[in-house]
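Trainee: Fold the following.
(chains A, B, C and D)
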Protein chains: 2
Amino acid sequence: MMADKVTSAEVAARAGVSQSAVSRVFTPGASVSKKTAEKVRKAAAELGYRPNVLARAMVSGKSRIIGLVVAYLENQFYPSALEKLSNALQQRGYHVLVFMASQTSGSIDNVMDEILDYQVDGIVTASVAMSSDITSRCLAAGVPVVLFNRSQDIEGITSVTSDNFAGGRKVAEFLVAGGHTRPGYIAGWEGASTQRDREAGFRQGLATAGIPLFAREVGDFHTERARQAARAMFGGAPETRPDCVFIANDHMALAVMDVLRFELGLRVPEDVSVVGYDDVPPAAWPAYDLTTVRQRANLMVEETVAALMEHIETPQTAAPRRVEIDGPLIPRGSARRPMNLPLEGRNT
Amino acid sequence: MMADKVTSAEVAARAGVSQSAVSRVFTPGASVSKKTAEKVRKAAAELGYRPNVLARAMVSGKSRIIGLVVAYLENQFYPSALEKLSNALQQRGYHVLVFMASQTSGSIDNVMDEILDYQVDGIVTASVAMSSDITSRCLAAGVPVVLFNRSQDIEGITSVTSDNFAGGRKVAEFLVAGGHTRPGYIAGWEGASTQRDREAGFRQGLATAGIPLFAREVGDFHTERARQAARAMFGGAPETRPDCVFIANDHMALAVMDVLRFELGLRVPEDVSVVGYDDVPPAAWPAYDLTTVRQRANLMVEETVAALMEHIETPQTAAPRRVEIDGPLIPRGSARRPMNLPLEGRNT
DNA sequence: TTGAAAGCGCTAACAG
DNA sequence: CTGTTAGCGCTTTCAA
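Mentor: Alright, predicted model coming up:
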């Protein structure tokens, strides 16, 4: 009833027109008479014909595939971003080809080569650092790249992030206003721009208030290492402990809260205020109620797609840009709030 | 330094061989002399040549692309499955093209058509039901389909799930052994085979023990609806409340626990035992410590990939199968345990 | 507006 | 083992 693979030639034969006529009917801006179009559509419907995207890609040079490099999906920020990104692209007729940049599959450069093999129209890298070598390879191949949630100091590469520096500073101001005097910081992977900027903003905020950083550990954006960092930072005597801690992302912050409350028996926020970054879904769960800086994933995705489309459709006029999206600090129960101070104090 | 798009012809010219020789060098099982291979590789390296996967796909009929249909990534079970799946396929030279089957992009059938347009070698659908119409269209197109985490009664379609019936029964046995006598159940979306099988197993386990189902609500695998279900089930007077509840997946169970503890002020497990299904990462977090049935995602992915490869590589000998993978019940703190009963009792 | 013809970059017989 | 020759299914000039 339905042929294995219907070609435009078969449709043409049935409709009594040329093969190119069929092609035109399925090409948005082509000129076909109503009559022809009708005949062709009818024949196509009867045969169950649909254009072969790959063949179209070959000749047109546009695959309508966007390569997405992602390192891991454990941090909930990424699945939700991926979902939004995929939806946004789908709406514009593009689709996402996923490349995991994990340990097993060799270095990131290999992955990028594989992507290029698929003749993708663009590449989005989520939280992955790129060598300038591979970057220029993409440029040479004419494939636009957008760094998502990472920026890089390389010449002219487009990146979309939240305003991490401002975010870090907001956290410092919030904690200072809350009356904290011994701030701790648990860093993410030190190679990441997000980590660097969040810390720099945080430190500047503290400096402005004249408060020194009381403790610092590294969690590498990794839950288990974040737990160790928390133990190192809070395992000692009360006077050696920070009275608040900013953790470079929620993914680690949730793990840290677990250690604080269930392992070390500390109360949050009475004994220690905790602030994260990202505002992933679990941060809002009552069991954590984590104060955090929101990354506006919707906006970030929008900007990413916009930049991509611009570079794909009008490469000549498209300039690389570095987008930084401001996000609000969301006060929740895991950190003492400025307003509450005079009312509640600490009853310990 | 690096041409925009290097073709095999250019490599051939530089190496002083025919274009087909180049093709052979980059085709695993081809016969080329060492000398030729060397010359070609050298020229290719100098030019930065890599075969065009799309062109290869066109002529060979194999795109090495697997279409993945997924509805939403909010439930943590899916991102981790996606990550594993993508990794496993990547290792075999395949890649995943993502299709979100969400609201906006029309019905699932449209999505399947789009997938077919890309000449994918296979399709994995995660928690999506397929009409038998579209199923046969795939079969007609010779594209193998594997249902992941869903099974279907359609003729000969391959599916990979956990043993949901056995899992549901295990929960019943566990709760009954724990001394519970008023079991509640919060269902997932009733159109899902997973929901049906889990409930059927649960009910059979209860029936065997001679205990009737005390309450039932529907949460549709949706957190907000699960919360409403929890309120409906536990909002009344103590004697109208179940003493334990099995929730069709962890995604909902976590939300239900929040309502129970933070909204209704019930203690878990003292006032009510809670059991979920999936064993997503947050289930193990101390703040929830959710008793649940583990879905062995690793095994499920392995079986999915194995089935896919078999159907792709040897379609004639590959028979459709229905794989059900047994998973253990993981006892944690959210449910009273059988062993603890005589020791602890209830101190209310 | 339409059809004929020329490829996109590659693989796969087919002779040699 | 190697080169020659056909296409894969489609878009796109180019004439008509």
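Trainee: Helix or strand for residue A:293, just tell me which one.
Mentor: strand A:291-294 (DSSP states H and E).
Trainee: How about residue A:327?
Mentor: Take DSSP H and E as the rule and residue A:327 turns out to sit in neither a helix nor a strand.
Trainee: Show me which residues of the stretch 1-150 of chain A sit near DNA strand C.
Mentor: For the stretch 1-150 of chain A, the residues found near DNA strand C under the criterion C-beta under 7 Å from any atom of the strand are A:17-21, A:24, A:31-33, A:35-36, A:55, A:58-59. Backbone N, C-alpha and C define where each C-beta goes, glycine included.
Trainee: Can you flag the buried ones in those?
Mentor: Among those, those scoring as buried are A:17, A:21, A:24, A:32, A:36, A:55, A:58 (criterion: 16 or more other C-beta atoms under 10 Å in any protein chain shown).
Trainee: related to what we said a few turns ago, farthest pair in the residues of the stretch 1-150 of chain A next to DNA strand C?
Mentor: Within these, two members stand farthest from each other by C-beta to C-beta: A:35 and A:58, at 30.0 Å.
Trainee: re earlier: what about the buried ones among the residues of the stretch 1-150 of chain A next to DNA strand C, which are in helices?
Mentor: When DSSP state H is applied, those are split such that A:21, A:24, A:36, A:55, A:58 fall in helices.
Trainee: Just to check, the first one is in contact with residue A:32?
Mentor: Which is residue A:21. Yes - in this structure residue A:21 lies within contact range of residue A:32 using C-beta atoms under 8 Å: 6.7 Å.
Trainee: how close does the residue in the stretch 101-250 of chain A that DNA strand C sits nearest to get to residue B:118?
Mentor: Shortest the stretch 101-250 of chain A-to-DNA strand C distance, computed as C-beta to the nearest atom of the strand: residue-wise this is residue A:119, at 8.4 Å. From residue A:119 over to residue B:118 the distance is 13 Å, taken as C-beta to C-beta, to the nearest Å.
Trainee: for residue A:151, same thing?
Mentor: When C-beta to C-beta is the yardstick, residue A:151 and residue B:118 sit 32 Å from each other.
Trainee: out of the ones in helices among the buried ones among the residues of the stretch 1-150 of chain A next to DNA strand C, which touch chain B?
Mentor: When those are filtered against chain B using C-beta under 8 Å from any C-beta of the partner chain, the residues retained are A:55, A:58.
Trainee: and DNA strand D, which of the ones in helices among the buried ones among the residues of the stretch 1-150 of chain A next to DNA strand C contact it?
Mentor: A:24, A:55, A:58.
Trainee: Excluding covalently adjacent residues, which one is nearest to the first one?
Mentor: Excluding the flanking residues, the one nearest residue A:24 by C-beta to C-beta, 6 or more residues apart in numbering or on different chains is residue A:30, at 3.8 Å.
Trainee: For the stretch 151-300 of chain A, which residue gets nearest to DNA strand D?
Mentor: Ranking the residues of the stretch 151-300 of chain A by distance to DNA strand D (C-beta to the nearest atom of the strand) places residue A:158 first, at 25.7 Å.
Trainee: Could I get the full set of helices for chain A?
Mentor: Counting by DSSP H, the helices of chain A are A:8-15, A:19-25, A:34-47, A:53-60, A:77-91, A:108-117, A:132-141, A:164-177, A:193-209, A:223-234, A:250-258, A:297-313, A:341-344.
Trainee: Out of the ones you listed, which is closest to residue B:110?
Mentor: Distance to residue B:110, taken as C-beta to C-beta, is lowest for helix A:77-91 among the helices of chain A, at 10.5 Å.
Trainee: what is in contact with residue A:21 and residue A:32 at once?
Mentor: Listed as contacting both residue A:21 and residue A:32 by C-beta atoms under 8 Å, 6 or more residues apart in numbering or on different chains are residue A:40.
Trainee: neighbours around residue A:211, how many?
Mentor: 16 (other C-beta atoms under 10 Å in any protein chain shown).
Trainee: Isn't residue A:268 up against residue A:262?
Mentor: No - because the distance of 10.7 Å does not satisfy C-beta under 8 Å, residue A:268 is recorded as not touching residue A:262.
Trainee: what about those two, which has more around it?
Mentor: The neighbour count for residue A:268 versus residue A:262, taken as other C-beta under 10 Å, is higher for residue A:268 (22 against 13).
Trainee: quick one, what contacts that one?
Mentor: By C-beta under 8 Å, 6+ apart, the contact set of residue A:268 is A:257, A:260-261, A:274, A:333-334.
Trainee: Repeat that for residue A:24.
Mentor: Residues in contact with residue A:24 (C-beta under 8 Å, 6+ apart) are A:30-32.
Trainee: Report pLDDT for it.
Mentor: Reported pLDDT at residue A:24 in the predicted model: 96.
Trainee: Residue A:183 too?
Mentor: At residue A:183, the pLDDT value in this model is 98.
Trainee: hang on, isn't it packed against residue A:233?
Mentor: No - assessed by C-beta under 8 Å, residue A:183 is found out of contact with residue A:233, at 11.1 Å.
Trainee: joint contacts of these two?
Mentor: The contact sets of residue A:183 and residue A:233 overlap at A:215, A:242, A:245 (C-beta under 8 Å, 6+ apart).
Trainee: Give me the residue ranges of the stretch 1-150 of chain A where confidence is low.
Mentor: Of all residues in the stretch 1-150 of chain A, those with pLDDT under 70 make up the ranges A:1-4, A:103-106.
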